[in-house]
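[1] Model the structure of this input:
(2 chains)
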Amino acid sequence: MFVARSIAADHRDLIHDVSFDFHGRRMATCSSDQSVKVWDKSENGDWHCTASWKTHSGSVWRVTWAHPEFGQVLASCSFDRTAAVWEEIVGESNDKLRGQSHWVKRTTLVDSRTSVTDVKFAPKHMGLMLATCSADGVVRIYEAPDVMNLSQWSLQHEISCKLSCSCISWNPSSSRAHSPMIAVGSDDNSPNILAKVQIYEYNENTRKYAKAEALMTVTDPVHDIAFAPNLGRSFHMLAVATKDVRIFTLKPLRKELTSSGGLTKFEIHIVAQFDNHNSQVWRVSWNITGTVLASSGDDGCVRLWKANYMDNWKCTGILKGNGSPVNGSSQQGIFNASLGSANTSLQNSLNGSSASRYFFPPLDSPRAGSRWSSHAQLLPPPPLIEQSCDADTANLQYPHPRRRCVSRPLNLLPENEGV
Amino acid sequence: MEKMARVTTALGGNALTGRTMFCHLDAPANAISVCRDAAQVVVAGRNIFKIYSIEEEQFVEKLNLRVGRKPSLNFSCADVVWHQMDENLLATAATNGVVVTWNLGKPSRNKQDQLFTEHKRTVNKVCFHPTEVYMLLSGSQDGYMKCFDLRKKDSVSTFSGQSESVRDVQFSIRDYFTFAATFENGNVQLWDIRRPDRYERMFTAHNGPVFCCDWHPEDRGWLATGGRDKMVKVWDMNTTRAKEIYCVQTIASVARVKWRPECKHHIATCSMMVDHNIYVWDVRRPFIPSAMFEEHKDVTTGIVWRHLHDPYFLLSGSKDSTLYQHIFKDASQPIDRANPEGLCYSLYGDLAFAAKESLISSDSNRKPYIGDRRHPIFFKRKLDPTEQFEYISSSSALSVFETDVESGSMDWFVHTAKQYALAGRPLAELCDHNAKVAKGLDRNQVAQTWTMLRIIYSSLGTVASTNLNHSMGKGSTALPLMNSFNLKDIPAGLGSESRLDRSKGESRTENILMDSSSTLINNEDNEETEGSDVPADYLLGDVEADEDDLYMMDHENPHAEEQEYSLPQEAFPLRHEIVDNPSALDHLQDKADSPHVSGNEAETVSLTPVESFSLISISHSLYENRLPSDFFNPIVRDTLLFYAEQGDVQTAVSVLIVLGERIRKEIDEQTQEHWYTSYIDLLQRFQLWNISNEVIKLSTCRAINCLNQASTTLHVNCSNCKRPMSNRGWICDRCRQCASMCAVCHHVVKGLFVWCQGCSHGGHLQHIMKWLETSSHCPAGCGHLCEYT
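    Modelled structure (predicted):
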C-alpha cells in the first residue's frame, strides 16, 4: 500500500525532475521556472522546502545528487545550454535560523551549444565524475580531479551520438569486471530507424568510450533510461521509457582471451515490454535493490513492475498521479521481497505447468505486455479514487508478527484463483 | 530544412504562400526590413544593402543599392527601415552617424535621396512614423534622438536623453505623438514629439543596456523591452507608472523583440551573442519558448514578421550571411519535447512523482480552474476569452507515495542488517540466529537457507571439534545422557527410512528436510515464548535425529539424487507445508511425552555445543564415511549466486561471511568483491555505518579490507623539533628521534597516543589524563598550557 502525501511544490511551471539523495532523506525538484528546490524530510515524514533558488536562465530539465562523500552537491542542466554544480554551504546565518539552507554555484559547464538534456553523476567508485548529454547529440564526461574543489572540472570525454540525446544513465555496477558504461537515449523523432538507445563502454586500452551496443529494437523516441542498481548481479538491467516500458538485460559475454581489453560483447534480451500506459512513457525509476521498476506515462499514472521468481515481469501496482491509490495494487500489499517469491512458488506448485504459460523468454511481441495486463486485471476492478482505503489499511499496518502469518494465506487466495 | 511545409495564408484578397527557405547574402546582415506588401525585403549591413523579392520558392535579388565607385561609409548600415506607407521610401542608419533616405522611385542607379549628417556617432536606429509619411526618427550612440522632416534639409527637433547612448527608438503605433527610446543605462523614456525639451516619463526597465523595444500592435499600452540582462519585459504604459506585467527570461542578451501579429501574447526574440536561435514566447509562460527556429549558424541580427497581419511567416537576417524565411509550422517546440513528469524511487521505497496537472486530473475534459492555477505575479491580467491560442495550464503537482511497512518498504533490509550475527559465535549458532531473524521478518526462503547451511556445515570442521572439547569440559553428566538419548532415538529413524521405497526416495527426502526445519522453527518459537529450557533441549535432540535420518538417506541414495538438493527447487514447496505440517506436530507431541525428557537439566548450560557434539559423536561413530560438507559447496555457491541475481546481496554476503573459508574458494574473488562493495554501499545508504564497518572488517577480500584504511590521514608534529612529520612511521626525519615518546613516562607509546596540537607533546592516554588532573601545564615542561579534551 502506498500512502500519497501531496506536497505544495509551488513551482511556477512544470516540474521536470524529482530526485532523492543517497540516503533518501532529501529530495530535489527542478522546473521550467528555472529554479531548483531542495526538500528535507522532517521527523514526522513531512517534506519541507529548505532551499529554492534560481539556477539557470532556461527550463531546468534535470537535477541529480552527488554521492554524499563529496558533500551536499547537486548538478542541474538546462535549456540554457549549461549544466551547473551546486554545493550547500554550511555556516551560521539567518538562513539557518529560518530552516533554510544556502546553495552556491560551484561551476557552470558551458561546452554544449544546445540544450543540455540530462546530467548524471558517475557511480562513486569512479570518483567525482559527471556526464551530460545535449540535444545536439554529444555526451560529455567531466571529472573533478580534486574532489575538494568543486569549481574545477575538466572535460574528459566527448562522445558524439549522432542523434539528439534526451537521457543518460551510468551503469552503477561497482564490480571491477564491469568497465564504466553509459547508456544514452535519444528523443529524435525523425522517421529514421536508427537505434534510439546506445550503450558506450570505456575501453582501458584506448582510454576512450566506444559504442558497445545499440538496442536496435528501440526506434521510437526515448524519454528516459535507467540502469538498475546492480547489487552483485552478473548482468545488467536497463529500463527504457519510450512509447512503452521496456526492460532489457545485458549479460556480458566472457571476454575472449584474444580480444582482451577490447569491448565487451553483450547478450541482450528484452525481458519485458508493457504498453499499459497507452501512451508515451516519460520516466522510469528503479527501487534500491533493482527488483521493482516504477514507470510514469502520459496517462498520469505510476505503474510498478516486478519480476516473479521465473523472471516474469508483471504489474504489481498502479498509482494515480493525483494521489489516490488505484486499488489494482491490492496485491502489492503482500509483496515484500521474500514473500513475493514464496508466494509465486506456491502458485507454481499448485498449477505447475500452467504457470509456464506466462514464461516468456526473450519475446519481442508487443502482445506480451497486453497479456500481462489482462492478468493483472483479474483482480477486483479498482475504484478510481479510494479515499477510505488508507484509513482501513492503517489498522492492518502493524499487526503482531504472528497475526501476520495467519492472515497471509488468506490474502494469497484471490491471486491463486486468478491464475 | 527537410520539411518543406507550404503555408498559404489568406489575407483578405492577397495570400501569402511559401516555405522555409533561405538565400546566401554576400556579407553579414545587420538589419532587415520588409515592404508593406510583404513581397520584398531589404537587407542592410556593413557591406551589403540589397533588396530581395520573396518568391514562393526562393529569394530573388531585385536591387543592389550599394552603387558608386568608391565605397562610402554612408553605405555601412547599422539599421534599415522600409516605410510602411510609401513603398519607395527607405531609411538607413549608418555607422558613421549619417541618416540616409532612399527613394526607389528615382530613375538613376543611385537611389540615395537625403543625407542627414547631424549625429556625431553611430546611429543605432531609425524609425518612420507609422502614419505620417515625412516624419523620421533616429537614435544615436551620442545620446540624442532627432526627428527629421523629409521635406527639409535639417532635423526638426532634437531630443536629449540626458543619459547614455540611445539603442532603440520606436513610434507608438496608436498614439500619434508618442515615441519610446531605450538607453544603454537601462532606462526607457517616453517622449511627446511636440515637446523636445523634456521626456514625458522615464523608468528603469533593465539592469544594463536596453537593446530594443516594440509597441504592441493592438494593445496601445503595451511596450516590450529587451536587455542585456537576458530579459524581455512587457510594460503596461496606460497607468501613471509603467508597470511590468510580464517578464520573460531568455538564455542570452536580447537584441530584438517583435510582437507576433494576431497573437496577443506572443513575441519573437533573438539574441545578440552566443545564441543563434530565434524564439517565440508566450509571455504568459515566461520560462519556456513556445517555438524555436534553429536555422542560423551565427548571431541573428534582424527579425521581422513578413506581414502585419500574418503570424506564420518570419524573416530573419544573420551574421552568417543568410536571409531566412521561417514558417511557423517548421518551428521546433520545446514545450512539446519537455518532459512533463518526474519520478524517483527513494531508498525506503517511497516514490516521488511530479506530473503536469492536466495529465493527472481525472477527467481531462473538465476545464482547468483558470483562476487559481495562475501565479498571482505573472497572471494578473484577465484572460481574453477570444484568445486564439488557448492558454495551457502549466503547473505540476508533486506528491510522494509513501510505502508502509508491509509492502515495498526496505525495513526488512535494515532489520536484517542490524540483527544478523556474522561472527563471534559457532557456525551453527550463527546460522540458527540468522534463520530466526529471517523467519521473524517473514523471509522464509532465506530462513530456510540458513537452516540448510547449518545442517550442511555445522556438523563438521573446526567449529564442531572445538565444541566437542567445550562440552567435554562441561562435566561428565551431560555426556552420557545425551548419548544414550540419541542412540536410542536413531534406530527408530533408521527403521522408518529403511521402509521407504526407492522410488519415493526423492520426495521423502524433501519431506524429511521439511520436518527437520519445521521442527527447528517450532523449536525456536518454543524457546522464545515459553522460556523453559527443558522442552527446547529436548526438541533439539529430536531435530538431530531427523538430520541424521537425512544424512543417512543421502548416504544410501545414489549421488544422482543429490542433485535434487539444489536450493531453488526444494525451497519453494517447503513454505507451503511448514505452516501446518501435522506429522511434524505429531512428532513433537510424541517426543514431549517421552520419559527421557525429565532429567535433562544438566545440559541447559549450552545448547548448541552439546547438540553439535552429539551429532558429531553419532555421525562419526555410526557413519564414518558420510559425505563431507565440501560436497555441498557447489550447491551453496549456486544458492549465493541465485540470491545475488535476485538483488538480495545481503543474504549472499552474510552467508559468505558466516561460512568464511568453507565457501570462499568456490566463488571467484571478483564476484565476492562485487558483492561486498554492493552490500557496503547499500548499508551506507541506510546509514548503517557500524554494520558496514563490521562487514568490511569481516570480509576476506583484500580490496574490501583496506577500505577502512583508506583516506584517513593524521597530521602530526614531531614532539622534539616541532616540525611536521613527513614520512610514515614515528621516527622524525630531522631529529632522528622517536616522536611518540610519552612525555610523562618517557617510554615509546604503543597503542593510544594523545597529543596536544599546540605544543606537539603527548603520551599515553592514561598518563596524560592523570597528569592533567593535577597540572594544567604540559608534562614535557615546555610551559604550554595544554588542553586535552
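[2] what about the helices in the stretch 101-250 of chain A?
    Read by DSSP state H, counting those that start in this stretch, the stretch 101-250 of chain A holds no helices at all.
[3] Just the closest residue of it to chain B, please.
    The stretch 101-250 of chain A approaches chain B most closely through A:S175 (3.6 Å), counting by C-beta to the nearest C-beta. Bear in mind the C-beta positions are built from the backbone N, C-alpha and C, glycine included.
[4] neighbours around that residue, how many?
    Residues lying near A:S175 (other C-beta atoms under 10 Å in any protein chain shown) number 20.
[5] what about it, distance to A:C315?
    Counting by C-beta to C-beta, to the nearest Å, the gap from A:S175 to A:C315 is 31 Å.
[6] what residues are up against B:A644?
    The neighbourhood of B:A644, defined by C-beta atoms under 8 Å, 6 or more residues apart in numbering or on different chains, consists of A:L231, A:G232, A:R233, A:S234, B:A652, B:T671, B:W675.
[7] and of these, the nearest to B:K62?
    Of all the contacts of B:A644, B:K62 sits closest to A:R233, with 69.5 Å by C-beta to C-beta.
[8] Surely the closest one touches B:A652?
    No - applying C-beta atoms under 8 Å as the test, A:R233 and B:A652 come out as separate, 10.4 Å apart.
[9] Compare those two (neighbour count), which wins?
    Counted by other C-beta under 10 Å, A:R233 and B:A652 do not tie: B:A652 has more neighbours, with 27 against 24.
[10] Three-state assignment for the more buried one, please.
    Three-state call for B:A652 (DSSP: H, G, I helix; E, B strand; the rest coil): helix.
[11] low-scoring pLDDT stretches of chain A, where are they?
    Residue ranges of chain A with pLDDT under 70: A:1, A:91-98, A:254-262, A:321-419.
[12] With distance to A:G99 added, can I get the contacts of B:A644 in a markdown table?
    Putting the contacts of B:A644 into a markdown table (distance: C-beta to C-beta, whole Å) gives the following:
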| residue | distance to A:G99 |
| --- | --- |
| A:L231 | 35 |
| A:G232 | 39 |
| A:R233 | 41 |
| A:S234 | 46 |
| B:A652 | 42 |
| B:T671 | 46 |
| B:W675 | 40 |
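[13] which among those end up buried?
    Among those, those classed as buried by 16 or more other C-beta atoms under 10 Å in any protein chain shown are A:L231, A:G232, A:R233, A:S234, B:A652, B:T671, B:W675.
[14] quick check, nearest of these to A:C49?
    Using C-beta to C-beta, A:L231 is the member of the buried ones among the contacts of B:A644 that lies nearest A:C49, at 32.2 Å.
[15] so B:T671 makes contact with A:H178?
    No - with contact defined as C-beta under 8 Å, B:T671 and A:H178 do not form a contacting pair (11.3 Å).
[16] any idea how far B:S699 is from B:R637?
    17 Å.
[17] more neighbours, these two?
    When B:S699 and B:R637 are compared for neighbours, B:S699 comes out ahead with 23 against 15, by other C-beta under 10 Å.
[18] Contact partners for that one?
    Contacts of B:S699 (C-beta under 8 Å, 6+ apart): B:I657, B:Y676, B:N705.
[19] Next: B:I663.
    B:N633, B:V636, B:R637, B:L640, B:V655, B:L656.
[20] One more: A:K120?
    Each residue near A:K120 by C-beta under 8 Å, 6+ apart is listed here: A:R62, A:T64, A:A75, A:L130, A:A131, A:I168, A:S169, A:W170.
[21] What is the neighbour count of residue 37?
    This is for chain A. Count around A:K37 with other C-beta under 10 Å applied: 23.
[22] was after chain B, sorry
    Close neighbours of B:D37, defined as other C-beta under 10 Å, add up to 9.
[23] Sticking with it, tell me its helix or strand.
    Under DSSP states H and E, no helix or strand contains B:D37.
[24] Give the full set of residues in contact with the nearest residue to it once chain neighbours are set aside.
    Of all residues not flanking B:D37 in the chain, B:E87 sits nearest, at 6.7 Å (C-beta to C-beta, 6 or more residues apart in numbering or on different chains). Counting by C-beta under 8 Å, 6+ apart, B:E87 touches B:C35, B:R36, B:D37, B:L104.
[25] Spit out the contact partners of the closest residue to A:S285 other than its chain neighbours.
    Counting by C-beta to C-beta, 6+ apart, A:S285 lies nearest to B:Y345, which is 4.4 Å off, once chain neighbours are set aside. Contacts here follow C-beta under 8 Å, 6+ apart; on that basis B:Y345 touches A:F20, A:S285, A:W286, A:N287, A:I288, A:V292, A:A294, B:L351.
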